[in-house]
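*Asks:* Quick one: sequence and predicted model below, then my questions.
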Amino acid sequence: MIWLLLILLLVGLVFLPGWWVQRVMQRYSEPRNRYPGSGGELARHLLDRLGLHDVSVEATDAGDHYDPSARVVRLTPDKLGGRSLTAITVAAHEVGHAHQHATGYAPLAWRTRLVGLAGPAERLGAGLLMLTPVIAIALRSPRLAFAALLVGVLTMLLTTLVHLVTLPVELDASFGRAMPMLEHGGYLQPGDESHARRLLRAAALTYVSASLMSLLNMARWWAILRR
(Lines give C-alpha, C1' and ligand atoms only; values in the text may rest on other atoms or scores of the structure.)
Protein backbone atom coordinates (compact mmCIF):
# COMPACT_ATOMS: atom_id res chain seq x y z
CA MET A 1 0.00 0.00 0.00
CA ILE A 2 2.83 2.40 0.87
CA TRP A 3 4.56 1.73 -2.47
CA LEU A 4 1.29 2.30 -4.31
CA LEU A 5 0.80 5.63 -2.54
CA LEU A 6 4.38 6.67 -3.36
CA ILE A 7 3.88 5.77 -7.02
CA LEU A 8 0.61 7.72 -7.16
CA LEU A 9 2.33 10.69 -5.50
CA LEU A 10 5.19 10.59 -8.03
CA VAL A 11 2.78 10.38 -10.95
CA GLY A 12 0.78 13.28 -9.53
CA LEU A 13 3.89 15.42 -9.03
CA VAL A 14 5.06 14.72 -12.58
CA PHE A 15 1.83 15.05 -14.54
CA LEU A 16 -0.32 17.53 -12.58
CA PRO A 17 1.84 20.63 -13.34
CA GLY A 18 1.81 19.83 -17.06
CA TRP A 19 -1.93 19.17 -16.99
CA TRP A 20 -2.55 22.46 -15.18
CA VAL A 21 -0.42 24.41 -17.68
CA GLN A 22 -2.28 22.91 -20.65
CA ARG A 23 -5.66 23.53 -19.00
CA VAL A 24 -4.87 27.21 -18.38
CA MET A 25 -3.57 27.71 -21.93
CA GLN A 26 -6.64 26.08 -23.46
CA ARG A 27 -9.07 27.91 -21.19
CA TYR A 28 -7.95 31.35 -22.37
CA SER A 29 -7.62 30.33 -26.02
CA GLU A 30 -11.33 31.14 -26.30
CA PRO A 31 -12.79 33.35 -27.59
CA ARG A 32 -10.34 33.28 -30.48
CA ASN A 33 -11.14 36.85 -31.56
CA ARG A 34 -11.04 38.59 -28.17
CA TYR A 35 -8.33 41.04 -29.26
CA PRO A 36 -8.12 43.21 -32.38
CA GLY A 37 -4.56 42.11 -33.18
CA SER A 38 -2.85 38.73 -33.25
CA GLY A 39 -0.08 37.45 -31.00
CA GLY A 40 2.39 37.84 -33.86
CA GLU A 41 1.34 41.42 -34.47
CA LEU A 42 1.64 42.29 -30.79
CA ALA A 43 5.08 40.67 -30.61
CA ARG A 44 6.25 42.77 -33.57
CA HIS A 45 4.76 45.92 -32.05
CA LEU A 46 6.38 45.35 -28.65
CA LEU A 47 9.76 44.55 -30.19
CA ASP A 48 9.64 47.78 -32.20
CA ARG A 49 8.68 49.78 -29.09
CA LEU A 50 11.71 48.29 -27.32
CA GLY A 51 13.94 49.23 -30.23
CA LEU A 52 14.55 45.57 -31.13
CA HIS A 53 13.94 46.03 -34.85
CA ASP A 54 16.51 43.34 -35.73
CA VAL A 55 14.57 40.64 -33.82
CA SER A 56 12.17 38.88 -36.16
CA VAL A 57 8.93 37.00 -35.48
CA GLU A 58 8.14 33.75 -37.21
CA ALA A 59 6.04 30.60 -37.00
CA THR A 60 7.23 27.32 -35.49
CA ASP A 61 5.91 23.87 -34.70
CA ALA A 62 8.53 23.33 -31.98
CA GLY A 63 6.79 25.29 -29.21
CA ASP A 64 6.79 28.98 -28.39
CA HIS A 65 10.28 30.27 -27.63
CA TYR A 66 12.87 32.97 -28.20
CA ASP A 67 16.04 31.89 -30.02
CA PRO A 68 18.91 34.13 -28.83
CA SER A 69 21.38 32.81 -31.41
CA ALA A 70 19.09 33.64 -34.35
CA ARG A 71 17.42 36.60 -32.58
CA VAL A 72 13.95 35.31 -33.43
CA VAL A 73 10.71 35.12 -31.45
CA ARG A 74 9.05 31.91 -32.59
CA LEU A 75 5.36 31.31 -31.97
CA THR A 76 3.16 28.34 -32.80
CA PRO A 77 0.50 29.10 -35.46
CA ASP A 78 -2.30 29.44 -32.89
CA LYS A 79 -0.29 32.14 -31.06
CA LEU A 80 1.16 33.82 -34.14
CA GLY A 81 -2.19 34.31 -35.85
CA GLY A 82 -4.50 33.92 -32.85
CA ARG A 83 -6.26 36.85 -31.17
CA SER A 84 -7.08 35.16 -27.86
CA LEU A 85 -5.79 36.18 -24.45
CA THR A 86 -3.47 33.17 -24.53
CA ALA A 87 -2.02 34.26 -27.86
CA ILE A 88 -1.15 37.81 -26.84
CA THR A 89 0.07 36.86 -23.36
CA VAL A 90 2.41 34.15 -24.61
CA ALA A 91 3.67 36.50 -27.33
CA ALA A 92 4.48 39.13 -24.69
CA HIS A 93 6.27 36.48 -22.61
CA GLU A 94 8.56 35.55 -25.50
CA VAL A 95 9.24 39.23 -26.21
CA GLY A 96 10.24 39.38 -22.54
CA HIS A 97 13.02 36.89 -23.33
CA ALA A 98 14.16 39.01 -26.28
CA HIS A 99 14.31 41.99 -23.91
CA GLN A 100 16.34 39.95 -21.42
CA HIS A 101 18.81 39.16 -24.18
CA ALA A 102 19.04 42.77 -25.32
CA THR A 103 19.69 44.04 -21.78
CA GLY A 104 22.37 41.42 -21.05
CA TYR A 105 20.34 39.56 -18.44
CA ALA A 106 22.98 37.17 -17.08
CA PRO A 107 20.72 34.23 -16.05
CA LEU A 108 19.48 33.97 -19.65
CA ALA A 109 23.07 33.65 -20.88
CA TRP A 110 23.73 30.92 -18.29
CA ARG A 111 20.62 29.07 -19.35
CA THR A 112 21.55 29.29 -23.02
CA ARG A 113 24.95 27.74 -22.30
CA LEU A 114 23.43 24.98 -20.17
CA VAL A 115 20.82 24.16 -22.82
CA GLY A 116 23.63 23.76 -25.35
CA LEU A 117 25.26 21.19 -23.06
CA ALA A 118 22.11 19.42 -21.90
CA GLY A 119 21.15 17.77 -25.21
CA PRO A 120 24.51 16.04 -25.86
CA ALA A 121 24.88 15.24 -22.15
CA GLU A 122 21.47 13.53 -22.03
CA ARG A 123 22.34 11.42 -25.10
CA LEU A 124 25.69 10.50 -23.55
CA GLY A 125 24.00 9.60 -20.28
CA ALA A 126 21.43 7.39 -22.01
CA GLY A 127 24.22 5.65 -23.93
CA LEU A 128 26.22 4.99 -20.78
CA LEU A 129 23.16 3.63 -18.99
CA MET A 130 22.49 1.26 -21.87
CA LEU A 131 26.13 0.12 -21.86
CA THR A 132 26.30 -0.48 -18.10
CA PRO A 133 25.08 -4.14 -18.26
CA VAL A 134 27.39 -4.79 -21.24
CA ILE A 135 30.38 -3.43 -19.36
CA ALA A 136 29.51 -5.49 -16.30
CA ILE A 137 29.18 -8.74 -18.30
CA ALA A 138 31.77 -8.33 -21.06
CA LEU A 139 34.55 -6.74 -19.00
CA ARG A 140 33.61 -8.43 -15.72
CA SER A 141 34.33 -5.21 -13.94
CA PRO A 142 31.70 -4.11 -11.41
CA ARG A 143 33.72 -0.95 -10.74
CA LEU A 144 33.71 0.14 -14.37
CA ALA A 145 30.01 -0.69 -14.63
CA PHE A 146 29.26 1.37 -11.52
CA ALA A 147 31.37 4.26 -12.85
CA ALA A 148 29.46 4.18 -16.17
CA LEU A 149 26.18 4.09 -14.26
CA LEU A 150 27.19 7.02 -12.05
CA VAL A 151 28.38 9.17 -14.98
CA GLY A 152 25.23 8.29 -16.93
CA VAL A 153 22.97 9.35 -14.07
CA LEU A 154 24.87 12.60 -13.47
CA THR A 155 24.85 13.62 -17.14
CA MET A 156 21.12 12.95 -17.45
CA LEU A 157 20.49 14.95 -14.28
CA LEU A 158 22.00 17.94 -16.09
CA THR A 159 18.74 18.22 -18.03
CA THR A 160 16.83 18.52 -14.75
CA LEU A 161 19.30 21.16 -13.56
CA VAL A 162 18.80 23.18 -16.76
CA HIS A 163 15.02 23.27 -16.25
CA LEU A 164 15.37 24.28 -12.59
CA VAL A 165 17.84 27.08 -13.44
CA THR A 166 15.42 28.15 -16.16
CA LEU A 167 12.57 28.90 -13.73
CA PRO A 168 13.89 32.29 -12.46
CA VAL A 169 14.53 33.31 -16.08
CA GLU A 170 10.94 32.43 -16.99
CA LEU A 171 9.48 34.26 -13.99
CA ASP A 172 11.43 37.38 -14.88
CA ALA A 173 10.24 37.20 -18.50
CA SER A 174 6.66 36.84 -17.29
CA PHE A 175 6.39 39.23 -14.35
CA GLY A 176 9.45 41.44 -14.71
CA ARG A 177 8.95 42.13 -18.43
CA ALA A 178 5.77 40.87 -20.10
CA MET A 179 3.20 41.87 -17.48
CA PRO A 180 4.49 45.46 -17.13
CA MET A 181 4.49 45.82 -20.92
CA LEU A 182 0.90 44.57 -21.16
CA GLU A 183 -0.33 46.71 -18.26
CA HIS A 184 1.50 49.96 -19.00
CA GLY A 185 0.74 49.74 -22.70
CA GLY A 186 -2.96 49.27 -22.07
CA TYR A 187 -3.08 46.17 -24.26
CA LEU A 188 -5.30 44.07 -21.99
CA GLN A 189 -9.06 44.11 -22.05
CA PRO A 190 -10.70 45.27 -18.77
CA GLY A 191 -10.75 42.42 -16.27
CA ASP A 192 -8.07 40.36 -18.08
CA GLU A 193 -5.16 41.32 -15.82
CA SER A 194 -5.61 38.49 -13.31
CA HIS A 195 -6.15 35.97 -16.10
CA ALA A 196 -3.02 37.18 -17.88
CA ARG A 197 -1.05 36.69 -14.67
CA ARG A 198 -2.32 33.12 -14.46
CA LEU A 199 -1.26 32.52 -18.04
CA LEU A 200 2.18 33.99 -17.43
CA ARG A 201 2.58 31.79 -14.37
CA ALA A 202 1.65 28.78 -16.51
CA ALA A 203 4.19 29.82 -19.16
CA ALA A 204 6.93 29.89 -16.52
CA LEU A 205 5.89 26.61 -14.89
CA THR A 206 6.13 24.80 -18.22
CA TYR A 207 9.78 24.24 -17.34
CA VAL A 208 8.97 22.83 -13.92
CA SER A 209 6.82 20.25 -15.67
CA ALA A 210 9.66 19.47 -18.07
CA SER A 211 12.06 19.11 -15.14
CA LEU A 212 9.76 16.63 -13.40
CA MET A 213 9.36 14.68 -16.63
CA SER A 214 13.14 14.34 -16.87
CA LEU A 215 13.14 12.90 -13.34
CA LEU A 216 10.49 10.41 -14.43
CA ASN A 217 12.75 9.45 -17.30
CA MET A 218 15.52 8.79 -14.79
CA ALA A 219 13.17 6.55 -12.79
CA ARG A 220 12.33 4.63 -15.98
CA TRP A 221 16.00 3.99 -16.66
CA TRP A 222 16.51 2.87 -13.06
CA ALA A 223 13.66 0.37 -13.38
CA ILE A 224 15.13 -1.02 -16.61
CA LEU A 225 18.58 -1.47 -15.09
CA ARG A 226 17.19 -3.27 -12.04
CA ARG A 227 15.58 -5.99 -14.17
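*Replies:* Yep, that arrived.
*Asks:* what about residue 73, which SS state?
*Replies:* Judged by DSSP: H, G, I helix; E, B strand; the rest coil, the three-state class of residue 73 is strand.
*Asks:* That one - how many residues pack around it?
*Replies:* 29 (other CB atoms under 10 Å). Any C-beta I mention is one placed from the backbone N, CA and C, and that applies to glycine too.
*Asks:* so where's this structure uncertain?
*Replies:* Residues of the chain that meet the criterion pLDDT under 70 lie in 1-14, 118-119, 121-122, 125-141, 145-146, 148-149, 156, 207-227.
*Asks:* these two touch, right, residue 59 and residue 77?
*Replies:* Yes - judged on CB atoms under 8 Å, residue 59 makes contact with residue 77 at a distance of 5.6 Å.
*Asks:* Next, show the common contact partners of those two.
*Replies:* Counting by CB atoms under 8 Å, 6 or more residues apart in numbering, residue 59 and residue 77 have no common neighbour.
*Asks:* For the chain, which segments count as strands?
*Replies:* 56-59, 65-67, 72-75 (DSSP state E).
*Asks:* what residues does the last one touch?
*Replies:* Same thing as strand 72-75. 39-40, 43, 47, 55-60, 62, 64-67, 90-91, 94-95, 97-98.
*Asks:* And for the nearest residue to residue 124 once chain neighbours are set aside, the neighbour number?
*Replies:* Leaving aside its sequence neighbours, residue 124 sits nearest to residue 155 (CB to CB, 6 or more residues apart in numbering; 5.2 Å). The number of residues packed near residue 155 is 21, by other CB under 10 Å.
*Asks:* circling back: selecting buried members of the contacts of strand 72-75 in PyMOL, what would you type?
*Replies:* Selecting the buried subset of the contacts of strand 72-75 in PyMOL, with 16 or more other CB atoms under 10 Å as the burial test, is done by:
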select buried, resi 39+40+43+47+55+57+60+64+66+67+90+91+94+95+97+98
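*Asks:* circling back to that earlier point, can you check which of the strands of the chain gets nearest to residue 169?
*Replies:* Judged by CB to CB, the one of the strands of the chain that comes nearest to residue 169 is strand 65-67, at 10.6 Å.
*Asks:* Which residues does that closest one contact?
*Replies:* 72-74, 94-95, 97-98, 101.
*Asks:* Residue 49: how many residues sit nearby?
*Replies:* Residue 49 - counted by other CB under 10 Å - has 11 other residues nearby.
*Asks:* Hmm, the residue nearest to residue 124 is touching residue 161, no?
*Replies:* No - under the criterion of CB under 8 Å, residue 155 is not in contact with residue 161, lying 10.6 Å apart.
*Asks:* Hmm, residue 201 and residue 167 touching each other?
*Replies:* No - using CB under 8 Å, residue 167 makes no contact with residue 201, being 11.2 Å away.
*Asks:* re earlier: format the strands of the chain as a markdown table; extra columns: distance to residue 179.
*Replies:* Below are those laid out as a markdown table (distance: least, CB to CB, whole Å):
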| stretch | distance to residue 179 |
| --- | --- |
| strand 56-59 | 20 |
| strand 65-67 | 17 |
| strand 72-75 | 17 |
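*Asks:* Which of the ones you listed sits closest to residue 21?
*Replies:* Once those are compared by CB to CB, strand 65-67 is nearest, at 14.8 Å.
*Asks:* Parallel or antiparallel, list what pairs with that closest one.
*Replies:* strand 72-75 (antiparallel) (DSSP bridges).
*Asks:* in the strand it pairs with, what counts as buried?
*Replies:* Under 16+ other CB under 10 Å, the buried positions of strand 72-75 are 72-75.
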